[in-house]
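Engineer: What would the 3D arrangement of this be:
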Amino acid sequence: MARDKIYQEEEFPSPLIQLWIIFRQTPSIMIGLGAFIFLVILAIFSPILAPHSSVESNVAMAMLPPAWDDAGNISYLLGTDDLGRDMLSRLMHGTSLTFGLSFIVVIIATVIGVFIGSLSALTRGVKSSFLNHFLDVILSIPSLLLAIVIVAILGPGLSNTLWAVIMVLIPQFIHITRNAVKEEFAKDYVLASKLDGASSLRILHYSVMPNIIEKIVSQATFAQSAAILDIAALGFLGLGAPIPLPEWGAMLASGFDLFYIAPWTVYLPGLAILFAVVATNLVGEGLRHAIKLRKFS
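Structural biologist: Predicted coordinates for the structure are as follows:
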């Protein structure tokens, strides 16, 4: 037989649960989270969900307007481009190329940047000063301009575009990780661990990293919105994905000459880029706001 509790225990939620409770209080941020999850699902399952091929041409159906237009066709809900390719299918496949690849790019840049930033925070003297000034110079250059320079050196192509965006994002994570680790190492709990004989690497792994992981995740969401814009911009300039691939920036460039004849070939990829960036920024702003409120709660 179960015994009743004699003493009432007060339970405190974990830091992650506290963050979620604060995060979900804003309706607009929850809408952004829903849109973000929708894009993730679409990026994964677009080959299954797309009604048509994204690269096969059908000249007989070229430049069909969206289905709500009188000249539209319900089989091509968002119309077709100048080669008769279904715009809806191309936009869905483009989610994997623009949004999905930006997700992978940010994960790689986060891992490399956090590793280098954590170790650099433990350095002192000339090496620390040199790295600090070098990061200041790199971060003063606009990310898109730096990505264009790197692609110009490596050569055009989707893989080189991804490496360029990764190299552009890494200094951001090094900078924020380095500053966050230095800030934590100045606190009393780190001093107590040092007095107990713990090494700097052990303190970094077991004490500091759990306290800065939320800052890194928040930075990662903002970095992803920048990665989406950089990938799309390089595709628009012809330095990214090759023409047959339905990357949103490349789609925007290929439909630019058709703006007055078939404007949906331009504004649909543009709206897709805007939708992805706004959803990602809402999630990032929600995380930043929740972290700030949790600190002062």
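Engineer: In this structure, which residue is most central in space?
Structural biologist: Among the residues of the chain, the one closest to the centroid is Gln224, at 1.9 Å (CA atoms, centre = their mean).
Engineer: Which secondary structure element is home to that one?
Structural biologist: Secondary-structure assignment from DSSP states H and E places Gln224 in helix 209-236.
Engineer: what sits against the residue nearest to the residue nearest to the centre of the chain when sequence neighbours are not counted?
Structural biologist: Spatial nearest neighbour of Gln224, chain neighbours left out: Val106 (4.6 Å); criterion: CB to CB, 6 or more residues apart in numbering. All C-beta spots, glycine's among them, are computed from the backbone N, C-alpha and C. Applying CB atoms under 8 Å, 6 or more residues apart in numbering to Val106 gives the contacts 169, 220, 223-224, 227.
Engineer: Is it possible to get TSV of these that adds pLDDT?
Structural biologist: TSV is the format used below for the contacts of Val106 (pLDDT from 0 to 100):
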residue	pLDDT
Leu169	91
Ala220	90
Ala223	91
Gln224	92
Ala227	93
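Engineer: How about the contacts made by the residue nearest to the centre of the chain?
Structural biologist: If a contact means CB under 8 Å, 6+ apart, then Gln224 has 102-103, 105-106, 280, 284 as its contacts.
Engineer: please redo it, this time with the cut-off set to 10 Å
Structural biologist: When contacts are counted by CB atoms under 10 Å, 6 or more residues apart in numbering, Gln224 is found next to 36, 99, 102-103, 105-107, 109-110, 169, 276-277, 280-281, 283-284.
Engineer: what's the answer for Gly270, then?
Structural biologist: Contacts for Gly270 were tallied using CB under 10 Å, 6+ apart; they are 232, 248-249, 251-252, 255.
Engineer: Check Ala241 too.
Structural biologist: By CB under 10 Å, 6+ apart, the contact list for Ala241 reads 94, 97-98, 101, 156-159, 161, 231-232, 234-235, 247-251.
Engineer: mind redoing it with 6 Å?
Structural biologist: Residues in contact with Ala241 (CB atoms under 6 Å, 6 or more residues apart in numbering) are 158, 235, 247, 250.
Engineer: you'd agree the second one is up against Trp248?
Structural biologist: No. Under the criterion of CB atoms under 6 Å, Gly235 lies out of contact with Trp248, with a separation of 7.1 Å.
Engineer: returning to that earlier point: from His133, how far out is the residue nearest to Gln224?
Structural biologist: Noted for Val106: a distance of 26 Å to His133, by CB to CB, to the nearest Å.
Engineer: And Gly157, by the same measure?
Structural biologist: For Gly157, the distance to His133 under the criterion CB to CB works out to 33 Å.
Engineer: Any stretches of the protein with poor pLDDT?
Structural biologist: 1-15, 125, 127-128, 294-297 (pLDDT under 70).
Engineer: 80 instead, please
Structural biologist: Segments of the chain classed as low confidence (criterion: pLDDT under 80) are 1-20, 22-23, 123-140, 190-191, 193-198, 200, 205-206, 243, 291-297.
Engineer: ok, the contacts of Ala241 vs Ile48, which is closest?
Structural biologist: Proximity of these to Ile48, judged by CB to CB, is greatest for Glu247, which lies at 19.5 Å.
Engineer: tell me the contacts of that closest one?
Structural biologist: The neighbourhood of Glu247, defined by CB under 6 Å, 6+ apart, consists of 94, 97-98, 235, 241.
Engineer: need the residues you listed in TSV with distance to Leu204 and secondary structure, can you?
Structural biologist: Below are those laid out as TSV (distance: CB to CB, whole Å; DSSP: H, G, I helix; E, B strand; the rest coil):
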residue	distance to Leu204	secondary structure
Gly94	40	helix
Leu97	37	helix
Thr98	35	helix
Gly235	39	helix
Ala241	39	coil
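Engineer: Now a PyMOL select for only the buried ones of those.
Structural biologist: Only the buried members of the contacts of Glu247 end up in this PyMOL selection, burial being decided by 16 or more other CB atoms under 10 Å:
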select buried, resi 94+97+98+235+241
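Engineer: now the contacts of Glu247 as TSV including distance to Ile174?
Structural biologist: Below are those laid out as TSV (distance: CB to CB, whole Å):
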residue	distance to Ile174
Gly94	31
Leu97	27
Thr98	25
Gly235	27
Ala241	28
